[in-house]
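Visitor: Just to be clear, the model below is a prediction. Sequence and coordinates:
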Amino acid sequence: MADSKGTKDSELTPAITKRRLRAPTETVRQRAEKVQAAAANPTPTKKRLVWRGFTSPIRLVWRSITWLSHRPPLKQIGHGLRWFFARRPVKFLGRLLGLHYIASSFREVKLVTWPTFGQSMKLTRAVIIFSFIFGTLIAGVDYGLDKLFKQIIIK
């Protein structure tokens with residue numbers, strides 16, 4: 001049906017549109033749980049498998065040494081060494097030689113959060129690019145000042 005202006009009734013009534021529902025966004029907790037689940041079951045990459053092949057003999061030797069060190073008689077020897085190095089004169093000599101510093105350095109290194117391989121590659125690229133740009137800039141300034149001073153001194 002049309003009115004005197006030539007518009008239809010359907011043009012006058014607003015069109016009813018269907019509401020689209022957005023998928024619920026995941027919460028911070030859900031994201032953290034997902035990351036933890038992914039970290040618990042990492043899919044080994046080729047690089048990781050190759051690296052694991054190189055380091056597995058070292059890990060096996062280290063595990064066997066730690067297993068042996070907790071069995072008699074090595075367990076008692078370890079206790080004896082711990083007792084010996086806890087004595088005052090030995091501690092003093094250790095401080096003179098810097099052994100305390102080395103031991104505390106190793107303890108500190110264990111607390112460091114190391115970057116992933118990808119992060120370290122990105123940072124390395126950034127350092128190389130920055131060094132190249134900065135070196136080029138310094139070389140240009142050096143060349144310009146060299147030409148300037150030669151013209152000033154020669155004339």
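Guide: Nice, thanks for sending it over. Everything quoted here is computed from the prediction, not taken from an experiment.
Visitor: Spatially central residue for the chain, please.
Guide: residue 115 (1.5 Å; C-alpha atoms, centre = their mean).
Visitor: can you pull the contacts of residue 91?
Guide: 85, 100 (C-beta atoms under 8 Å, 6 or more residues apart in numbering). Every C-beta, even on glycine, is put in place using the N, C-alpha and C of the backbone.
Visitor: cool, residue 44 as well?
Guide: residue 52.
Visitor: Tell me, what's the model's pLDDT at it?
Guide: pLDDT, residue 44: 73.
Visitor: Could you point out which residue ranges in the chain have low pLDDT?
Guide: 1-17 (pLDDT under 70).
Visitor: if you set the cut-off to 80 instead, what comes out?
Guide: Within the chain, the stretches with pLDDT under 80 are 1-24, 38-49, 52, 66, 68-74, 78, 85, 90-100, 155.
Visitor: Now do the helices in it.
Guide: Using DSSP state H, the helices of the chain run over 9-12, 28-40, 46-69, 74-85, 88-97, 99-111, 117-154.
Visitor: Can you convert these into TSV and add a column each for distance to residue 19?
Guide: Shown next, in TSV, are the helices of the chain (distance: least, C-beta to C-beta, whole Å):
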stretch	distance to residue 19
helix 9-12	21
helix 28-40	25
helix 46-69	47
helix 74-85	71
helix 88-97	74
helix 99-111	52
helix 117-154	41
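Visitor: hang on, the earlier thing: what about the nearest residue to the residue nearest to the centre of the chain once chain neighbours are set aside, neighbour count?
Guide: Distance criterion C-beta to C-beta, 6 or more residues apart in numbering; nearest residue to residue 115, sequence neighbours excluded, is residue 123 at 7.0 Å. Per other C-beta atoms under 10 Å, the neighbour tally for residue 123 reads 11.
Visitor: one step back: of the helices of the chain, which is nearest residue 18?
Guide: helix 9-12 (17.2 Å; C-beta to C-beta).
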